[in-house]
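Asker: Here you go, sequence then predicted model.
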Amino acid sequence: MLRLGLKYFPLILAALLLCHRAAAEDGSKYVKVSAEASTTTLQPGQQAVIAVVVDVQEPYHTQSHTPSEEFYIPFELKLKDNPAITAAAAVYPKGEVHDYPSLGKLNVYTGQVIVYVPITVKADAKPGTLTLEGSVHFQACDNNSCYPPAAVNYKLETQIVAAGEASALNKPELFKGYTPKATTQPAAATKPVEQWTIFGHVIGADSYVLAFSAAMLVGLIFNVMPCVLPVLPLKAIGFYETSQHHRGKSFLFGVTFSLGIVFTFALLALLVLPIAGAGSRWGDWFTNPYFVWPIAVILMLMGLGAFGLFTFRLPLGVYTIEPKHDSYIGNFLFGILTAVLSTPCTAPIFPGLLIWAAAQARTGGKWSGITVFLFVGFGMALPYLLLSALPELARRIPRTGPWSEIVKQMMGFLLFGVAAYCVGLRLLPGQQFMWLVFAVMVVAAFFLIIRTAQLMPRARPIFVSFLIAALLVGGTFKVARALTQKGGPDWIAYSPAALDKARQEHKVVLIDFTANYCGNCHYLELKVYRDPVTLKALDHHKVVAMKADLSDGKQAPGSPLLTELDPSGGIPLTAIYPAGSGEPTLLASIYTRQTLIDTLNRVDPRE
């Protein structure tokens, strides 16, 4: 025992004495430190990972983060607070056990050490340069003795860009060792931000401004639905009458009425989001027939309901309740009643926002999901608030009429279109499902013209209906034709054998991971891969272009490779393999033609 104590005495004494030093020495003699982010740029709301790379110089080693004795000085990473991000606990690698003649058995780090720091960019982070700074604290030793505690600073500069801008995976080889489960401390996994594209316009899970603006618009639209429209002039007249005696009181009544509407939508969020937030990525659900077919049936039933084939009505007593218009409690209750009356009309418009809110709930952003419901309430309450402040406008509010019924029925056709999309995904190959959606829009256009002529047989309404019908049919036809016509590179279907063959022939290989339900994938196909400049670049680099179609989910041939390259499984994802050997360069989500060309030039430099 005495010999053991004498053996470790120099190390123990050094550790105990050096712990009392006020400041760590400059450790650049012992280690070299650098830092990289997992993506080339960051977006508000995005989750990412910082890799701090510490190269321990020969002939030194450092104590690990979990040294063999509690009184040894552990390897520690520090990241300075930054108002643009929140950081989770660092993820350290396991140490190696070495037996040193003069020091005994130690748990140490040698060679290259990578520490991962999961971060989340705050939703309100402003675009611009993001500088992250920190320091690595350690004690270095050689084979015979240990040195005073030391520290080395590091700095990382990257860019925060607006939601939807192109971003690529950065040095993916550095992040292959990152597994959040490797630590029991809380850490946020990195994965591509979920996005949806509608005719080329991207709305992602981090598109807060766009989502909240859409929610306000949805709330405003609720007021022209047949279920709610009669309330608007009725309440406006009430504000007008009150203002004749006390204008300020009219506005306060409007505020309490609006609070009643917002309160109802907040309650709806608390009831709906816990259910909607459970499950996997939204896009993956479209590969499961047990999800797609029930959704299609529900959408069809909801669309038929919009035509009055069956009607969901609240209990008759709800429509007969009339809270007092001249009291604050009465106006608050009337606001709740108005929001409740809107529930039979929410179905044609609400699913898109519910999808976005559910994505927030799944990724931990429950407050963002609740907020989008609140903005729907704000949008619905806004006209009443304005009318309470400007009651003279009350006399100009239109009453309900045949046009509001047409709006409701066109919302029914919108539901039929979404149902056709779901059915087409299961029954038709490739992007042919879009022609089924087009057929529904053609029927909707004829219905709009005929129904307008029946209910409002005047020149102006009929002309407007013709104009809307032409835009509806023309726009849908343009999208369907673009998606289904031939064009772009000479794609070959991905298979492991095809990839091996191309690499053995020393070809540059581009693999496009896509699926028929993926709107972003269609956007890349149309805007990037069918561009003549892109085709010229692919030909210049003699690229073998492969398409890995993931429409069949995990059964697709490309699914294992996608999981290997990006464990989160997000698409679109493009992998560009250099000629011969070497790891692929990955482009995640939406990117531009120029980003693709620049990547090809780096992977395969040519004159």
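Answerer: The structure has been received and is ready for your questions.
Asker: Could you point out the helix or strand that follows the helix or strand hosting residue 500?
Answerer: Residue 500 is part of helix 496-504, with elements assigned from DSSP states H and E. If you walk from helix 496-504 toward the C-terminus, the next helix or strand you reach (DSSP H and E) is strand 508-514.
Asker: Quick one: find the helix or strand in the chain with the lowest mean pLDDT.
Answerer: Ranked by mean pLDDT, DSSP states H and E, the helix or strand of the chain with the weakest confidence is strand 195-198, at a mean of 40.
Asker: Kindly confirm whether my reading is correct that residue 370 touches residue 266.
Answerer: Yes. Contact status for residue 370 versus residue 266: in contact at 6.8 Å, counting by C-beta atoms under 8 Å. Where C-beta positions appear, they are placed from N, C-alpha and C, glycine not excepted.
Asker: Could you list the low-confidence segments of the stretch 101-250 of the chain?
Answerer: Regions of the stretch 101-250 of the chain meeting the criterion pLDDT under 70 cover residues 163-166, 179-211, 224-238, 240-245.
Asker: So for residue 370 and residue 266, which sits in the more crowded spot?
Answerer: Neighbours per residue, other C-beta atoms under 10 Å: of residue 370 and residue 266, the larger number sits with residue 370, 18 against 15.
Asker: The helix or strand encompassing residue 371: which residues count as buried?
Answerer: Secondary structure assigned from DSSP H and E places residue 371 in helix 366-389. When burial is assessed from 16 or more other C-beta atoms under 10 Å, helix 366-389 yields the following buried residues: 366, 368-385, 387-389.
Asker: just checking, what packs against it?
Answerer: Under the contact definition 3 or more C-beta pairs under 8 Å, 6 or more residues apart in numbering; DSSP states H and E, helix 366-389 sits against helix 208-222, helix 231-243, helix 247-276, helix 328-341, helix 351-362.
Asker: which parts of the fourth one are buried?
Answerer: By neighbour count, with 16+ other C-beta under 10 Å as the criterion, the buried positions of helix 328-341 are 330-341.
Asker: possible to save the residues you listed as a markdown table with pLDDT?
Answerer: A markdown table is the format used below for the buried residues of helix 328-341 (pLDDT from 0 to 100):
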| residue | pLDDT |
| --- | --- |
| 330 | 76 |
| 331 | 80 |
| 332 | 87 |
| 333 | 81 |
| 334 | 77 |
| 335 | 80 |
| 336 | 80 |
| 337 | 72 |
| 338 | 74 |
| 339 | 75 |
| 340 | 66 |
| 341 | 58 |
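Asker: Relative to residue 551, which of these is nearest.
Answerer: Lowest distance from residue 551 to the buried residues of helix 328-341 (C-beta to C-beta) belongs to residue 339, with 39.6 Å.
Asker: how about the closest residue in space to the closest one that isn't next to it in sequence, what does it touch?
Answerer: Take residue 339 and drop its neighbours on the chain: the residue closest to it by C-beta to C-beta, 6 or more residues apart in numbering is residue 264, 3.6 Å away. Contacts were defined as C-beta atoms under 8 Å, 6 or more residues apart in numbering; by that measure residue 264 touches 335-336, 339-340, 377.
Asker: what's the answer for residue 427, then?
Answerer: For residue 427, the residues meeting the contact criterion (C-beta under 8 Å, 6+ apart) are residue 433.
Asker: just the one 4 residues further on next, same as before
Answerer: If you count contacts by C-beta under 8 Å, 6+ apart, residue 431 has them with 483-484, 516, 522.
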